[in-house]
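J.: Need a 3D model of the following:
(chains A and B)
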Amino acid sequence: MKIYKKISLIVAMIAVITASSCKKLLVENPHNGLYPTYLGTQAGIFAAITGVLSGLRGYYTNEGNALPFYSGTDEQNFAASAQTQVYATYNGLNSGQTTGQFKSPYEFINTLNSAIQFGATVNFDPTVKAQYLAQAQFLRGFIYMYLTQSFGGVTATNPSGPAIHTTFITQPATSDQPATLSALWALIISDFTAAAANLPNTRTSSDPFTANGVGLDATAATAQAYLAKAYLCRAYSSAAVSGDFQQAATITASLIANAGTYKLALYPDYSQAIAQANDYGTENMFGFDMGADPTYASYNGSNGSGGNGINQLPVFFRWNYISNSGVNSDNSLTAPTSGANDMLRDMYNGRPYIRSRPTTGYTINFAFADQIHDSRYDNTFQTFWICNVATPAGKDLNGNPKGVLAVTTPVSLLSYIPPTNGDTAILFPGVEVPDARRNAFKGQMTTPAQYNINVFPTVKKFDDAIGRLGQNDFSTRPAIQMRFSEVYMMNAEANYMLGNTAAAIASLNVIRTRAAFRTPADGTYIPASQYHVTAGNQAAANATNANAMTIGTGPGQNAALYAQMQIPANTTIGSPLCGMDVILDEYTREYYGDLRRWFDLVRTNQLLRRVHLYNQEAAANIQTFSVLRPIPQDQINQVVTGPKYPQNTGY
Amino acid sequence: MEKLKLIKSWKTLLLLICMSLFSGTIFAQGITLRGKVVDDKGEALIGAKVAVTTAPATAASTNISGDFTLKVPADTKSITISYIGYKSVDMPIKSNSGNLGEIPLAVDANSLSEVVVVGYGTQQKRDVTGSTVSVDAASLQEVPSAGVVNQLEGKVAGLDVVNGTMKIRGNRTIGASITGGADAPLLVVDGIPYPAGTNINDIDPQNIKNVEILKDASATAIYGSRGSGGVILVTTNRGRVGRSITTLNAFYGIDDMAQNFKVLNAAQYLQLKNDAVVGQLLQATTTATTNSYVLSPLEQAGQAAGTNTNWQNLLYQPAYQADQTLGVSGGDENTTYNISAGYRVSTAVEPNNRNERYTLQAQLDHSVSKSIRIGVNMSNTLTYTDANGGNNQTNAIQISPLLSPFNPNGSLDVTPWAGLTDSSYPNPLYQKYNPAASYNNTRNFHDFTNLYAEWTIFKDLKYKLTAGYDQQQQQQAQYAGINGTSILNQANSTASINDGFNYTYTLDNLLTYDHTFAQKHHVTFVALFSNEKHHNDGVIAGAKNIPGDVNQAYYLSGSTETSISSSESENGLVSEMARLNYSYDGRYALTATVRNDASSELSTGHQYLAYPALGAAWNVSNEKWMQQYSWIDNLKVRFGYGVTSNGPLNGNAYQTLGGLTGAYYEYGSVATGDAAGLLVNSLVNTGLTWQKTGEYNLGIDFGVLKDRLTGSIELYSDKTTGIILGNQLPPTVGGGPNQPTNLGTSANKGLEISLTSINIQNKGGFSWTTDFNIAFSRERIVSLPNGNQFNIGNGEFDGWPLNVVYDNRQIGIWQLANATQTTNSSGYLVSTPVTSQSSPKEYPGMIRDLDVNGDGVINNADNQIIGTFQPQYTGGITNRFSYKGVDVSIVIAARMGQIAAVPYLSSGGSTGGWAFLGTSRHNQPYENYWTPTNPGGTFAEPNSAAQTIPLASSEQYFNDSWIKARSINLGYTIPSRYLSRVGISSLRVYLNCSNPFVIYAPIRKVSDGIDPEGGNTAAVPTSNGGWNGNILSQPAQGLNIGEYTRNWLLGINLKF
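T.: This next block holds a predicted model:
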């Protein structure tokens, strides 16, 4: 009977334990991650800002979000592998396609609102806290500016736009309403103003949003540049407040005058301004850091088999030089390539994505027509490819063999080695050529008349020579959002709109004469047949070219543009060229490939006019309401409480 | 060598077992009774119980020959002889009784007196009020398999088994995975819920005695919050009073591809290349007269040499499986035991893939005293899964037949794709020839133990405490070394190790009161208080730059770390349950249940829900007035209603707390700027509660013509409310994507018929029986979130089944006559776009979809519901024949009327399917594609310049009805007279063939060699999409290319 008693006792004990532990079983006590209470700590606020930067980093460098920044403008047409063409053609752009452009930005805003809100109550070092909050406010302004430029706001003629939220939302809601355009711009300007007042002038090692002072986070100068941009944007809009253009002009002039305070300076040479070595130099004011770390930069380059890295900018504008290359001369307009392929995808030439191509009529033949005085065509585009795979000899137009191409050595799939020998396999001379020149050239020659959705000059300014691990990897370079040169451009734009033509021309000339500057080293990266300088003629050539680039009435200067600058802005479709066209052409040359063109044209109310003028593919379907994107259908469908969320006019 | 070892270990085991055998029992003085217990055919019944029930009680059981010896007190009046499934016999004893001779027991024809396992207890079958189905071990073992789920396929009306996943009575949860997920049934093994996500194959099916399937809510409501998907009660073997019996069940088999997947041969592949050029010119994609995918130098050499490689034949090799279970069971009045050991090994037709399973099980029951009984049930399983062979099948069927796997010197060509666009693809045979260059092994240890103590407080009242503990430890180690293609050097080699641990404990306090009063009133009352906790944690570490193949994943410290992560989660369930059974005179039975469950997964205030259920049964045939209908042996009518749920968040803890998402950043693009950030993208969820299913069930059980025909008919109707769906909040209120919210209603009704017929049972010993079942389930969405009529992205529509295909409908291929053609300078036909359609612009040879609104544009406005993934009916038929010692069974299963999305049979680019189909970039399955000279072709014309062709997704929907023979089993039981002298009591040898043939499957006319059962889920690219947001996110029933194997095996069932 002893064992009987023992068992009874044990059973009774277990029964008691069971009964008492049930309450505990129902309480969740997670250790596996972070939950909202963490946001109310100093580390939580820092993490929230970091998280938003991380989100923006992905947002500004992937295909789905990036394409709408430049598609459907005078600069770009879609290329063969473009997965969606609606932004490029405006054909069928509807509310089902813009969800992503609303969803992530509002996620970022809510996260920033948590930081701004908790920052008011959490106690920590006031200097640090001020920096945190200023950075958060800057980013909030940045995102609202993007939303406002894309979706507008409620005005007399437009019923919808983005909603304003400035407090942290923790619980689900199913009602919302759009804000007025005035309220949106007021919020943006107030955020930038506050950020400009509280952010440090320069990045130092104590700046928490840098790596020991290296980084592209917002400084006081960044916030002022964006503030100037916000004033500019508002000035053109129906929500304009008197003095907006003047504010923009004043702020940009002050930034230029005090550049030293902010450690900002233009490089003497355009090629240095976009050089990888200067990503963290004196000219880039704001951007999103990338890097090659698999965790912190989301870079997955370990297996080298493709799809890795996150900054996709270098690949969007690259044509399929592998499959569409050839060795035969062929001046057929529709089939520029034929014969065996003479190119291999290697690390140097990179991965083709074939998503976007420059418009031939405007970008190639007009904006970048001057390839002698202006170095920016050569710096922006890759126009020749050195043979990197053995190929049998091709035939000339008469059917005669042209000779075998010498292959560059070494060819690498794993490291970036610029070709130092070998024959040119593919050349885009940039101009039409006679048959004799084609016959004399051993590889394939493609002229502007032959550019099509498959074959086009490639933007090379984003190429990553350092960080990648494999031929298919994208880029580890930061995505630059604000360059110091843009302060000059904004200054020019504001002064032009104010009627201060001379001041506008002065700012433009700073940018234009800098673009004329070449060095002998540049010659390595441009075709031998193109204009380049030697050590001997550099000084004289640069002086001549700079003078030719100068807008003015002096000898050798560009008097035509000077005259055009005197013509006030006109937004009517079909109206003659004006000073605004000079400025917008300059934006093209200076920033080609940067994610901005659609916004430049929308801001200046020139989208419709310029598209009709320069891009027939887009002009066929563009509408007056195309200057705003449609409010996502998800937003309209999911506001189920209270008034329905309205759609923008036209959609 | 391995087998030898195995035999050795068995010998050791046998020795151990022998040593532990019981020797005998000492009896008091009295008379000695002898006898032999036999069945109606005169075969010995082993282990029949021979007992004296009057005090002092004593008992014995029959031995291997059916003989027994029992010493009884001299004044004993009678003994009782009983055996499960047979009618007990009370035999009078006289003082001069000695040898009682042969005592025949008759089969208990009235199956209603069978005892049925129900949750938390057992019941007489006649008192069962819910819809339950029993499947016994004999029926399960007709399909020798690694696990019980496969054995159930086609056996139970309303249990839909597809490729190892189960579902009872269709879908209830909108948006749930179509292959199980939220609607999967609850598995209960020996009374303890088997933790979700645990592999049921860890239980050796040879050790399963019986499976009970509870289908309707009145039966499953005792499992409350986990009952809505039905409950499957698995009962394993336990010891039985009597001499110890040793059993050995073993089989050995070989598997091979039933059929290779059909692809083009070399000549057809070359033709495809030419046809793809014809296509690109005809469809004006380009004016180039060369194929974009020109033959590589290696292919050209192959063409010249007449190479026609059958890569699949080279890849596959016959696989084998061996399965052995050795068990000993027995016991005396106080203690019974059952122990068994099993070993199973199987390989796959792709080399270097192997599974091994070791099982050790023990069940022990012991009466400590008259009122205390304790027991233990232990099952330990160790499995090793070697998946190092990877999946090279896709590669083997896509590679050009013009290529040779080997270099001229006989070595393997590591880069046969060289010179092609996909030059980085590996040789499909690489892993077969270089097993050391990669490694992918998973080891899993699973311990499933439960202990109980039962205290009979007084005669009719029992208290039982059961403590269940389930523990699993898993490690997966992976390594990918230099392979000459995707990994070129050591720096790019990778390895990872993933350790996981989880446990679940269950503490059940059960009070049972069982009393019969006034002879006719029988009451059973059960009360339960139960706690359950689930915990899991894990660590994953990854590295690159592994020093060498020898290290695999076990020397990460010698490499460069790439990732490390750890996790933990816990959830709890607290339950109370009460059930009352009342039956009167074997005619009327009533069951009332209420269970109250609380889950930690929900927010405070919403954790509890009560689940009531009521069931009633009327045994019509037990009424006196029924006795005039002598041809009716049994007629029972049942009716029940109950409420159940499914686990609210499927064990996903912390979902209501609004977790923050990690978002990393690298300031300054350098390591010193590494920072961990976070984003708020889910909001706190305070209102979430259980979704509920209420179900009515009407059932009729019958047996007629001396039980020659028995069966059941079930009619049910259920409604599920508050379905947990991801609520789409307005983007502007801060994300909250797919926040789980109680939204949506679905309903289901159905009919299930099960019949068992003894077709022939003649005196000569020949018998033929047939089990037949068929189930019709008609589910529909009643309402969707926020009053929406449909959710196109998920394929959900009010009034339709839970998953439908909504897309453009293909009506054919555009023909030359639909456009005009000219001949170009090279002599190729060039066509204009078809005239009757303006968008998308299409050419002859492209997919022609139905223009519903006739506007000449095919777009979303022309979408229609093409079909549903739900079958119209499922069923099975099992025929059994026996003649003397020979038995044959054939199991056939069917699933009819559903469609499958088969992305690999569409030209939809690489999304979820066969990349670049129709471009001639790879080899392909389609032979009958359209060309100008084959206008009857059913697949779009190849075009080497078009990676995707318009409207490709509408090409991918196929009728996926199928009727398959699952298994044919031929057995011979060797007569005991030959065996008894060598000490064997019974021996059956059998030959089995699994997947012998497909009876009906229309999809095999399109894609020969595919297993129509498929069962994989696949993303479905929609017509108007591509990658840009239009991939249907719904759970779809898809078919992927798979290994359709046929198995032959030889087995024995031995008892001694």
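
J.: From chain A, how far out is the residue of chain B most remote from its centre?
T.: Ranked by distance from the centre of chain B (CA atoms, centre = their mean), the top residue is B:Ser825, with 60.1 Å. Computed with CB to the nearest CB, to the nearest Å, the distance linking B:Ser825 and chain A is 11 Å. In this view, the C-beta of every residue, glycine as well, is placed from N, C-alpha and C.

J.: quick one: that residue is in a strand?
T.: No. Counting by DSSP: H, G, I helix; E, B strand; the rest coil, B:Ser825 falls outside a strand, being coil.

J.: tell me the pLDDT at it?
T.: The per-residue pLDDT reported for B:Ser825 equals 86.

J.: all helices of chain B, in order?
T.: Shown for chain B, the helices assigned by DSSP state H span residues B:2-19, B:137-140, B:148-152, B:217-220, B:266-282, B:297-305, B:311-315, B:393-398, B:430-433, B:976-979, B:1003-1006.

J.: Kindly reformat those helices as a markdown table containing distance to A:Gly536.
T.: Output for those, formatted as a markdown table (distance: least, CB to CB, whole Å):
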| stretch | distance to A:Gly536 |
| --- | --- |
| helix B:2-19 | 81 |
| helix B:137-140 | 93 |
| helix B:148-152 | 84 |
| helix B:217-220 | 93 |
| helix B:266-282 | 53 |
| helix B:297-305 | 48 |
| helix B:311-315 | 63 |
| helix B:393-398 | 59 |
| helix B:430-433 | 58 |
| helix B:976-979 | 109 |
| helix B:1003-1006 | 73 |
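
J.: Tell me which of those helices sits nearest to chain A.
T.: helix B:297-305 (10.9 Å; CB to the nearest CB).

J.: since we're on the closest residue to chain A within the stretch 151-300 of chain B, how many residues are nearby?
T.: Nearest residue of the stretch 151-300 of chain B to chain A (CB to the nearest CB) works out as B:Thr287 at 5.4 Å. By other CB atoms under 10 Å in any protein chain shown, the residues close to B:Thr287 number 17.

J.: from memory it sits against B:Leu281, does it?
T.: Yes. Judged on CB atoms under 8 Å, B:Thr287 makes contact with B:Leu281 at a distance of 7.1 Å.

J.: joint contacts of the two?
T.: Shared contacts of B:Thr287 and B:Leu281 (CB atoms under 8 Å, 6 or more residues apart in numbering or on different chains): B:Asn824.

J.: What are the buried residues along the longest helix seen in chain A?
T.: Longest helix in chain A by number of residues (criterion: DSSP H): helix A:126-151. For helix A:126-151, the buried set under the neighbour-count rule, 16 or more other CB atoms under 10 Å in any protein chain shown, comprises A:129, A:131-151.

J.: where do the helices sit along the stretch 1-150 of chain A?
T.: A:2-25, A:42-59, A:63-70, A:86-89, A:99-119, A:126-151 (DSSP state H, counting those that start in this stretch).

J.: These into a markdown table, with extra columns for mean pLDDT and distance to chain B?
T.: What follows is the helices of the stretch 1-150 of chain A, written out as a markdown table (pLDDT from 0 to 100; distance: least, CB to the nearest CB, whole Å):
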| stretch | mean pLDDT | distance to chain B |
| --- | --- | --- |
| helix A:2-25 | 66 | 3 |
| helix A:42-59 | 94 | 3 |
| helix A:63-70 | 87 | 7 |
| helix A:86-89 | 90 | 9 |
| helix A:99-119 | 91 | 3 |
| helix A:126-151 | 96 | 9 |
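
J.: between those, which one is nearest to B:Phe448?
T.: Smallest distance to B:Phe448 across the helices of the stretch 1-150 of chain A (CB to CB): 19.3 Å, for helix A:2-25.

J.: So what's the predicted local confidence for whatever residue of the stretch 351-500 of chain A ends up closest to chain B?
T.: With CB to the nearest CB, the shortest gap between the stretch 351-500 of chain A and chain B falls at A:Pro478, namely 6.0 Å. Note for A:Pro478: predicted pLDDT of 94.

J.: before we move on, what about the one 3 residues further on?
T.: Confidence at A:Gln481, expressed as pLDDT, is 96.

J.: list the contacts for it?
T.: A:60, A:286-288, A:595 are the contacts of A:Gln481 under CB under 8 Å, 6+ apart.

J.: do the same with B:Thr198
T.: Contacts of B:Thr198 by CB under 8 Å, 6+ apart are B:446, B:470, B:472.

J.: Please name the nearest non-neighbouring residue to the second one.
T.: Okay, so that is B:Asp470. B:Thr504 (4.5 Å; CB to CB, 6 or more residues apart in numbering or on different chains).

J.: Could you check how far that neighbour is from B:Tyr194?
T.: Distance, B:Thr504 to B:Tyr194, by CB to CB, to the nearest Å: 9 Å.

J.: Going along the chain, name the strands of the stretch 151-300 of chain A.
T.: Per DSSP state E, counting those that start in this stretch, the stretch 151-300 of chain A carries strands over the ranges A:284-288.

J.: need the residues of it near chain B, please.
T.: When proximity is defined by CB under 8 Å from any CB of the partner chain, the stretch 151-300 of chain A lies next to chain B at A:162-163, A:165, A:168-176, A:209-212, A:214-217, A:279-280, A:289-298.

J.: Which among those count as buried?
T.: Buried members of these, scored by 16+ other CB under 10 Å, are A:162-163, A:165, A:168-170, A:172-173, A:176, A:209-211, A:214-217, A:279-280, A:289-298.

J.: follow-up on the earlier one: and the contacts of B:Thr198, which is closest to chain A?
T.: Nearest to chain A among the contacts of B:Thr198, with distances taken as CB to the nearest CB, is B:Asp470, at 16.2 Å.

J.: picking that back up, check the helices of chain B for me: which has the lowest mean pLDDT.
T.: For the helices of chain B, mean pLDDT drops lowest on helix B:2-19, to a mean of 46.

J.: can you tell me which residues contact the residue nearest to B:Leu272 when sequence neighbours are not counted?
T.: In space, and not counting its chain neighbours, B:Leu272 is closest to B:Ser920: 4.9 Å by CB to CB, 6+ apart. Contacts for B:Ser920 were tallied using CB under 8 Å, 6+ apart; they are B:269, B:272-273, B:275-276, B:291, B:293, B:942, B:944.

J.: From B:Ala945, how far out is B:Ser920?
T.: The value you get for B:Ser920 to B:Ala945, if CB to CB is used, is 10 Å.

J.: swap in A:Ser485?
T.: From A:Ser485 to B:Ala945 the distance is 42 Å (CB to CB).

J.: Which elements pack onto the strand or helix carrying A:Leu601?
T.: Element membership for A:Leu601, per DSSP states H and E: helix A:597-603. For helix A:597-603, the packing partners by 3 or more CB pairs under 8 Å, 6 or more residues apart in numbering or on different chains; DSSP states H and E come out as helix A:63-70, helix A:126-151, helix A:220-236, helix A:579-591, helix A:607-614.

J.: Now distance to B:Tyr978 too, for those helices, in a markdown table please.
T.: Compiled in a markdown table, these are given as follows (distance: least, CB to CB, whole Å):
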| stretch | distance to B:Tyr978 |
| --- | --- |
| helix A:63-70 | 76 |
| helix A:126-151 | 87 |
| helix A:220-236 | 95 |
| helix A:579-591 | 95 |
| helix A:607-614 | 95 |
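
J.: roughly how far apart are the nearest residue to B:Ala467 once chain neighbours are set aside and chain A?
T.: Once flanking residues are discounted, B:Ala467 sits nearest to B:Leu451: 5.1 Å by CB to CB, 6+ apart. Taking CB to the nearest CB as the measure, B:Leu451 falls 10 Å from chain A.
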